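>>> Prediction below, plus the sequence it came from.
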Amino acid sequence: MKALDQFIEEARKAGLQLRIDPEHLDRVARLGGDGLFHVPMLALCILVIARAKKRPLATAELAAWTGATLGRHFSSIEAAHRRLEWSVQHRRRCADALVFLENVQLVFVEETPHRSVRCTSNGVDFVRGLLGRPDEIGFFTRGLVRSYRAVEHHGLELL
């Protein structure tokens, strides 16, 4: 067993939990180098949302949907997702993630007034493959899908 896996298992057995103070999340979201969510995680979240969303996903809504979905997934920051969705750093990283997904042809942005994000067939196949995996990335992807569905069911609350 790796040292990190052993540490996580011991922390789980001891009942330790990581708590993030929502009042200080805005400071963390503004960090330049090591922010709260990295571009690959945001790219996966955008891909999951674009695949699952019934209505078109406007590019202007990316930060709100990713903030709410990740806030729901990581329950310790759920109370602070509104601060996150208005964070300039978070919006910039969402834009970087969207450019990455477009470049690898997993999503495309429709040239409409709302610039809707849609999953390509490669993107749908990619997510489907991740959902079937028994490892950590499969577990994380299934968790993102559940979190997105919960946000969609309860409604996205914008200001």
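Arrived safely.

>>> Residue 109: neighbouring residues, count only.
16 (other C-beta atoms under 10 Å). To be clear about C-beta, it is placed using only N, CA and C from the backbone, and glycine gets the same treatment.

>>> Mind listing the residues bridging to it?
Here residue 109 sits in beta bridges with residue 117, going by DSSP bridges.

>>> which ones are touching it?
59, 98, 102, 115, 116, 117, 118 (C-beta atoms under 8 Å, 6 or more residues apart in numbering).

>>> Pull the number of nearby residues for the fourth one.
Using other C-beta under 10 Å, residue 115 has 14 neighbouring residues.

>>> And for the residue lying closest to it once chain neighbours are set aside, the neighbour number?
With C-beta to C-beta, 6 or more residues apart in numbering as the criterion, residue 115 has its nearest non-adjacent residue at 4.4 Å, and that residue is residue 59. By the criterion of other C-beta under 10 Å, residue 59 has 16 neighbours.

>>> all helices in this structure, in order from the N-terminus.
Using DSSP state H, the helices of the chain run over 3-14, 25-29, 39-52, 62-73, 81-85, 88-103, 121-131, 136-154.

>>> Can you add mean pLDDT, mean neighbour count and distance to residue 110 and give those back as JSON lines?
Shown next, in JSON lines, are these (pLDDT from 0 to 100; neighbours: other C-beta atoms under 10 Å; distance: least, C-beta to C-beta, whole Å):
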{"stretch": "helix 3-14", "mean pLDDT": "68", "mean neighbour count": "10", "distance to residue 110": "42"}
{"stretch": "helix 25-29", "mean pLDDT": "52", "mean neighbour count": "18", "distance to residue 110": "29"}
{"stretch": "helix 39-52", "mean pLDDT": "92", "mean neighbour count": "22", "distance to residue 110": "11"}
{"stretch": "helix 62-73", "mean pLDDT": "85", "mean neighbour count": "24", "distance to residue 110": "14"}
{"stretch": "helix 81-85", "mean pLDDT": "64", "mean neighbour count": "23", "distance to residue 110": "22"}
{"stretch": "helix 88-103", "mean pLDDT": "89", "mean neighbour count": "18", "distance to residue 110": "12"}
{"stretch": "helix 121-131", "mean pLDDT": "92", "mean neighbour count": "15", "distance to residue 110": "14"}
{"stretch": "helix 136-154", "mean pLDDT": "89", "mean neighbour count": "16", "distance to residue 110": "20"}
